[in-house]
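*Asks:* Sequence first, then the predicted structure, then my questions.
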Amino acid sequence: MSSAQVIDGAQPTGVPGAGPLLQVSHVSTEFPTPRGVVHAVNDVSFTLERGKTLGVVGESGSGKSVLSRTIMGLLPRSAQRSGEVVFEGRPIHDLDSAGYRSLWGTEMAMVFQDPMTALNPVMKVGRQITESLRYHLDMDKSEARETAVALLRAVRIPEAERRFNAYPHEMSGGMRQRVVIAVALACGPKLLFADEPTTALDVTVQAQILDLLAEQQRDRYMAMVLVTHDLGVVAGRADEIAVMYAGRIVEKAATKVLFREMRMPYTEALLNAIPKLGDPSHTRLAAIGGRPPDLVDPPKGCPFSPRCPYARERCHEERPELTPSESNPDHLYACFYPVGSPETEEIRVRIQAQRLIDSAPPEVREAAAEHPGGQG
Amino acid sequence: MAGSGTAHLRPADDVLLRVENLVVDFPAGRGRKVSAVSNISFDIAAGETLGLVGESGCGKSTTGKAIMQLPRPTRGEVVLEGTNLAGLSGEALRRTRPRLQMIFQDPISSLNPRRTVADIVEEPLKIWGIGTPEERRKKVEEVLTAVGIDPVAASERRPHEFSGGQCQRISIARAVITDPEVIICDEPVSALDVSVQAQILNLLEDMKERYGLTLVFVAHDLAVVKNVSDRVAVMYLGKMCEIGAPDDLYARPTHPYTAALLSAIPIPDPEVDVDAQHHVGGELPSPIDPPSGCRFRTRCPHAQDLCAQVEPQMQPVADSPGHYVACHFPLQAVEPVESAVGAPAAQ
């Protein structure tokens, strides 16, 4: 109900339905802590079109979850934020809590990682869905109930009528995540944030939930920000991928372009660290040494430079900006010596040779150690 | 799957650890019970890594703990070099503890937060009265260095000062310090980021080589299990479906459940069409009242009447040595087992 008023009251810069759904420009989020200020998100910009999926990938502490919470206005009061967020042509970064409440559910919604804690344990699941239908869409009780049962069916919960009256603890993790998705979809949001929606689930259930999200997204022409640490999850599901490291986007490109022509050494390292099903067993994994930087006191240069095999002096001194690739203006990366450049090729060949030696049987490794430099 | 049977076991002389007809029941209230592990058998040769995979609730962690006799299994044998651990008394069992060690999933909560790293890693030696204080200090330094922790900087610090990956390294140091023969690793990397996961998996391979370890590696991630294992056993609802060398088992999954698990893994390659993949539907049935016959039949695309009536037994997969499957309608040709042919009819 109130959403319509708020939208009318704002100054739309474009016709609804035209232009990008979401424009994020130079967004930063900081948290004061006893140790100092944590720079959780730093100068992040991106645009998301209607019906599209952006995959946000990064390790724990890369700022990927804080980014979606910043956009949705779900931060604690102590957080300091800056930058612009424009949703359907309307700036939303300076809304007050009532303004955000009018967006939640009807315009944007979130599916959380842990379906065990995202639901209210003492409220029947049906009521958790009808709550937002009655508040936002002003439905009466029986209409809300009908809609909720239809939603439970849409997310493929068997015996939806009966499950309407179940409590969360009576359901499995996968079923609970379906309920969380039904709650998020209830008021027909145009944008869905899915924050590690399958991390707490088994692999077979993960596939079911990702299929379900994709199907609902298609049916509703909804945009999605899919936050995950697993490049495998976004590979088949996102139109575009943003890789985050130390609170910044360090590479962004269309999914196929990113996998085919990755330029940022961190993206390459992240992909190489995943054990591949196609590799024979006991293949030596390409671990990334060290650990992510402390966001209270980030390094002066490129944040990945202390762990980067290709890093040179300049990388430790100066931070590379996110710049478009020469061949593809939509492919952005933040690196002075990107993957594929002449400066990195030599090092890359050497690393690959070392990996081959490390995966070999002990006799071969000893022989290689006795004749060092043989592969150079 | 419901696979019972022991056709896949190797001669007793060739194996270090042998688990036979293991059953672990837990009370489920009102006189009911849950068979978390329901008659499974497997063996591990010295120096081998056995991967146990399956969804949550399949009994893989319970199996790992039952090997440690934590708690003692309801039935079945756990034979470590000719000694049946399940039959040992308290003190005799305690004597075997240094030979069997364990690494847990959550590296931070499995270390005592109030003690220093040096104390934590040294404790097993103190308990067993091994070495003089000076020798023990040297040994602690040696294993900490081996797991990639600087003993000088770390010894007097406490677990909260370390990241998850470093805590897992400390857990590994504590596990190897008694020179165990077998280490049970219960989801040791599932709480870690992929970059750190790769470090820990590489470290486990190094430790295995350096200390001559035999590992039982329990995990839900099939790619991780393939990377570290010499043999992989797939479990479902307390039963074993399939066991074999990882390269065979992953290239030619023979149990429909293994095939379903493999097809559900997200592949980090955008050229793979996820819509074309067939994903298994349904969820794990309740272990309190498991399906009759083959326990996977309720979710299996190939299930027929026979699957509801007769529990399949382990039988060898044709032309794939060491590869066994418990399925009436396997995806690859199997060789009949003498004992198994008559057995189903008798049930």
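*Replies:* Received, thanks. Because the structure is predicted, anything quoted here is derived from the model rather than measured.
*Asks:* Please tell me how far residue B:319 sits from residue B:74.
*Replies:* Using Cβ to Cβ, to the nearest Å, we find residue B:319 at a distance of 37 Å from residue B:74. Heads up, the C-betas are built off the backbone N, CA and C, glycines and all.
*Asks:* Output the helix or strand where residue B:201 lies as CSV - backbone C-alpha positions only.
*Replies:* Here residue B:201, judged by DSSP states H and E, is contained in helix B:194-211. The C-alpha trace of helix B:194-211 is given here as CSV (Å, rounded to 0.1, in the frame of the first residue of the first chain):
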residue,chain,number,x,y,z
VAL,B,194,38.3,-22.4,-1.1
SER,B,195,41.7,-20.7,-1.0
VAL,B,196,42.4,-22.0,2.5
GLN,B,197,40.7,-25.4,1.7
ALA,B,198,43.3,-26.0,-1.0
GLN,B,199,46.1,-25.2,1.5
ILE,B,200,44.7,-27.7,4.1
LEU,B,201,44.1,-30.4,1.5
ASN,B,202,47.7,-30.1,0.2
LEU,B,203,48.9,-30.1,3.8
LEU,B,204,47.0,-33.4,4.6
GLU,B,205,48.7,-35.0,1.5
ASP,B,206,52.1,-33.8,2.8
MET,B,207,51.4,-35.1,6.3
LYS,B,208,50.3,-38.4,4.9
GLU,B,209,53.5,-38.8,3.1
ARG,B,210,55.7,-37.5,5.9
TYR,B,211,54.2,-39.5,8.7
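*Asks:* How about it, which residues are buried there?
*Replies:* Within helix B:194-211, the residues scored as buried using 16 or more other Cβ atoms under 10 Å in any protein chain shown are B:194-208, B:211.
*Asks:* Following that helix in sequence, what is the next regular element?
*Replies:* strand B:214-219.
*Asks:* Provide a list of residues in contact with the residue of the stretch 1-150 of chain B found nearest chain A.
*Replies:* The nearest approach of the stretch 1-150 of chain B to chain A comes at residue B:55, 4.1 Å away (Cβ to the nearest Cβ). Listed by Cβ atoms under 8 Å, 6 or more residues apart in numbering or on different chains, the contact set of residue B:55 reads A:202-205, B:220, B:236, B:261, B:284.
*Asks:* For chain B, give me the ranges with low pLDDT.
*Replies:* B:1-3, B:278, B:337-347 (pLDDT under 70).
*Asks:* oh sorry, the question was meant for chain A
*Replies:* In chain A, residues with pLDDT under 70: A:1-18, A:371-376.
*Asks:* how about the residues of the stretch 101-250 of chain B that lie near chain A?
*Replies:* B:163, B:165, B:193-199, B:201-202, B:205, B:209, B:220-224, B:226-230, B:245-247, B:250 (Cβ under 8 Å from any Cβ of the partner chain).
*Asks:* what ranges do the strands span in the stretch 101-250 of chain B?
*Replies:* Here the stretch 101-250 of chain B has its strands, by DSSP state E, counting those that start in this stretch, at B:182-186, B:214-219, B:231-236, B:239-244.
*Asks:* winner for burial among the ones you listed?
*Replies:* strand B:239-244 (a mean of 29; mean count of other Cβ atoms under 10 Å in any protein chain shown).
*Asks:* That one packs against which elements?
*Replies:* Under the contact definition 3 or more Cβ pairs under 8 Å, 6 or more residues apart in numbering or on different chains; DSSP states H and E, strand B:239-244 sits against strand B:33-44, strand B:231-236, helix B:256-264, strand B:324-325.
*Asks:* before we move on, back to that, please enumerate residues in contact with the helix holding residue B:201?
*Replies:* Contacts for helix B:194-211 (Cβ under 8 Å, 6+ apart): A:59, A:229-230, A:269-270, A:273-275, A:282, A:284-289, A:291, A:362, B:47, B:49, B:146-148, B:163-165, B:168-169, B:172, B:176, B:179, B:185, B:188-189, B:192, B:213, B:215, B:217, B:224, B:227-228.
*Asks:* Which of those fall within helices?
*Replies:* Within these, residues falling in helices by DSSP state H are A:269-270, A:273, A:362, B:146, B:164-165, B:168-169, B:172, B:176, B:224, B:227-228.
*Asks:* Quick one: buried ones out of those residues?
*Replies:* For those, buried by 16+ other Cβ under 10 Å: A:269-270, A:273, B:146, B:164-165, B:168-169, B:172, B:176, B:224, B:227-228.
*Asks:* Using TSV, lay out the residues you listed together with distance to residue A:78.
*Replies:* Below are those laid out as TSV (distance: Cβ to Cβ, whole Å):
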residue	distance to residue A:78
A:269	33
A:270	31
A:273	34
B:146	43
B:164	26
B:165	29
B:168	32
B:169	34
B:172	38
B:176	44
B:224	38
B:227	42
B:228	43
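*Asks:* residues near residue B:188, how many?
*Replies:* Residue B:188 is flanked by 30 other residues according to other Cβ atoms under 10 Å in any protein chain shown.
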